[in-house]
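Engineer: Generate coordinates for the sequence data below:
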Amino acid sequence: MPGTLLDAGAVIGCPHGGRVAPATTSSGGVRLAGAAAATAAHSYVVTGCPHTVNRVPSPCVTVRWTADGSGITVDGAPVLLDTSAAQRFSAAFVPQGPPVVQVAQRKVTVR
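Structural biologist: Residues are numbered from 1 along each chain as shown. Alright, predicted model coming up:
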């Protein structure tokens, strides 16, 4: 699946206004314009999500990515593309839909 390679500096959010950031950013020595390459091995957290369900806070707190079959790996973990499938979860592990990739590294594409 073609797409743009994600790095630790990619601007990713939830539709409620939260910001998604990698909790871990180590990718060995692989860097994209100085930022670590994003892989499926990294964990991602969401901060600042104000989402509520029936006036009960249910913010997005984590994102789990499913690496696609690009075949490209870093330290044995598949790289993440802006087209990779992902799901946001609440603290109760309730799925809340995919994150929104707003800006990604445009200098590296995978075909």
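
Engineer: Low-confidence stretches in this protein?
Structural biologist: Low-confidence segments of the chain, defined by pLDDT under 70, are located at 1, 25-29, 68-70, 103-111.

Engineer: Please enumerate the strands of it.
Structural biologist: Taking DSSP state E, the strands of the chain run over residues 3-4, 11-13, 19-22, 31-32, 35-36, 44-47, 52-53, 56-57, 60-66, 73-74, 77-78, 85-90, 100-103, 109-110.

Engineer: Give me the helices and strands touching the second one, please.
Structural biologist: Meaning strand 11-13. Applying 3 or more CB pairs under 8 Å, 6 or more residues apart in numbering; DSSP states H and E, one finds that strand 11-13 makes contact with strand 19-22, strand 100-103. Placement of C-beta: from N, CA and C, glycine included.

Engineer: what about it, distance to the chain center?
Structural biologist: Centroid separation for strand 11-13 versus its chain: 8 Å, with CA atoms, centre = their mean, to the nearest Å.

Engineer: tell me which residues in it are buried?
Structural biologist: Buried residues in strand 11-13, counted by 16 or more other CB atoms under 10 Å: Ile12, Gly13.

Engineer: Also the third one?
Structural biologist: Taking 16+ other CB under 10 Å as the basis for neighbour counts, the residues of strand 19-22 that come out buried are Arg19, Val20, Ala21, Pro22.

Engineer: cool, the longest one as well?
Structural biologist: Within strand 60-66, the residues that qualify as buried by neighbour count (16+ other CB under 10 Å) are Cys60, Val61, Thr62, Val63, Trp65.
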